[in-house]
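Enquirer: Could you work out the structure for the sequence below:
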Amino acid sequence: MRYRVSHRTTYTYSKPVQDSVGLFHLIPRELPWQQVLASDVEVAPLPGDISRDLDYFGNSSTYFHVTEPHSSLVITSTSEVIADKPAYDPGALAAPWEASRPLLDSSAPSAWRATEFALESARAGHVDEATAYAAASLLPGRPIGDAVTDLMHRIHADFAYDSTATTVTSTVADVMRTRAGVCQDFAHLALACLRGHGVAARYVSGYLATQPPPGKERIVGADASHAWLAVWMPSSDEWLAIDPTNNQWANDRYVTVAWGRDYGDVSPVKGIIYTKAKKSTLRVSVDVAPLEPAQV
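Expert: Numbers count the residues shown, from 1 in each chain. Below is the predicted model:
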C-alpha cells in the first residue's frame with residue numbers, strides 16, 4: 001500500500017514564547033517492509049537551528065530551536081511511503097516463548113541488542129498484576145507466535161477503548177485498575193506483561209490507515225498517531241508486531257515511524273519553552289491517505 005501521511009501539530013500560547021527548544025520523531029523509518037519515498041518537516045516560525053539525525057534506536061530524530069518570539073508553533077510533517085505486510089519465519093514463530101528472554105538465554109547472536117527491551121522502563125513498569133495476567137498466555141513451551149497472539153486477544157477483549165479513562169502520564173497499574181485506555185496504554189500494558197516474564201518487546205509508534213464506513217467518504221485529518229508493540233524472536237532476529245488495540249498483527253495499513261522502550265523514547269514532539277504564558281492549547285491533525293500508483 002502507498003500512503004501520503006500528513007501530521008500537523010499546533011501549539012497556541014496565551015502570551016508570546018521567547019524561546020522554544022524541541023525534538024520530534026515524525027519521519028518514518030526505512031525498513032525491509034517499508035520504503036520512504038519522500039519526507040519533509042516544516043516548523044513555523046522558522047527555527048534558528050534545526051538538525052536531523054538518527055537517535056540511539058536508529059529512528060529519525062530532529063532537533064529544533066526557535067528564538068523568534070511567537071504566540072504559536074506549527075510543526076507540519078509530510079511523508080510518502082510504501083508499506084508491505086511483514087513476513088515472518090515460520091520456525092521463529094513456532095519457537096517456545098522462553099527462548100525470547102535474552103537475560104536468561106543469551107545464546108542468540110542478537111541477544112545483546114534485545115536485552116534492554118526486556119528490562120523495566122519508566123512507562124512500562126513491572127506490575128505484579130500484569131505479570132500474573134500474562135501467565136495465562138505464556139504457558140510452558142508454548143510457541144511465541146501463539147503466546148503473544150493470545151495475550152493480544154485477551155487484552156483486546158478485557159480492556160475497553162476509552163479516551164477519557166487515562167492521560168499521557170497514566171501508569172500500567174492505572175490501566176490494570178480501570179480496565180480501559182487507549183493504544184498507548186495497551187501497548188505499555190502488553191510490554192509490562194511480557195517483560196515481567198523476561199520477554200524482550202519494544203514500543204512502536206506510527207500511523208494506522210483507517211477505512212471509512214461503507215458508503216462514507218474519508219474525513220481528511222481525522223486519523224491519529226498510533227502505538228503498538230513488537231516481540232523479539234531470536235532464531236530469525238525478527239520482531240513480531242502486534243496491535244492489542246485492534247486485535248491484529250501489523251500489516252500493510254501500518255506506517256512505522258519509530259521504536260524504543262516506551263512512549264518516552266519516541267513521542268512525536270517534545271520540548272521546553274521559555275514564556276510567561278500560563279495557558280496553552282495543543283491541536284493535532286493527522287491524515288493517512290492511500291495513493292494510487294500513478295500519484296507517487
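Enquirer: Am I right that residue 203 sits in a strand?
Expert: Yes. According to DSSP: H, G, I helix; E, B strand; the rest coil, residue 203 belongs to a strand.
Enquirer: I figured it was touching residue 265, is that so?
Expert: Yes. The pair residue 203 / residue 265 is scored as a contact, 7.1 Å apart, by CB atoms under 8 Å. Just so you know, the C-beta spots here come from the backbone N, C-alpha and C atoms, and that holds for glycine as well.
Enquirer: and for the two, which residues touch both?
Expert: Residues touching both residue 203 and residue 265 (CB atoms under 8 Å, 6 or more residues apart in numbering) are residue 259.
Enquirer: Let me see the ranges of the helices in the stretch 51-200 of the chain.
Expert: Using DSSP state H, counting those that start in this stretch, the helices of the stretch 51-200 of the chain run over 90-94, 111-114, 128-135, 144-158, 172-178, 183-195.
Enquirer: Let's have the ones you listed in TSV, adding mean pLDDT and distance to residue 35.
Expert: Below are the helices of the stretch 51-200 of the chain laid out as TSV (pLDDT from 0 to 100; distance: least, CB to CB, whole Å):
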stretch	mean pLDDT	distance to residue 35
helix 90-94	98	23
helix 111-114	95	23
helix 128-135	97	35
helix 144-158	98	26
helix 172-178	96	35
helix 183-195	97	24
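Enquirer: To residue 273, which of those helices lies closest?
Expert: helix 183-195 (23.2 Å; CB to CB).
Enquirer: And residue 84, how far from residue 229?
Expert: Counting by CB to CB, to the nearest Å, the separation of residue 84 from residue 229 is 19 Å.
Enquirer: between those two, who's got more neighbours?
Expert: Using other CB atoms under 10 Å, the more surrounded residue of residue 84 and residue 229 is residue 229, with 29 against 13.
Enquirer: ok, and the closest non-adjacent residue to residue 260?
Expert: Nearest residue to residue 260, sequence neighbours excluded (CB to CB, 6 or more residues apart in numbering): residue 266, at 4.6 Å.
Enquirer: and that neighbour, what pLDDT?
Expert: Looking at residue 266, its pLDDT reads 97.
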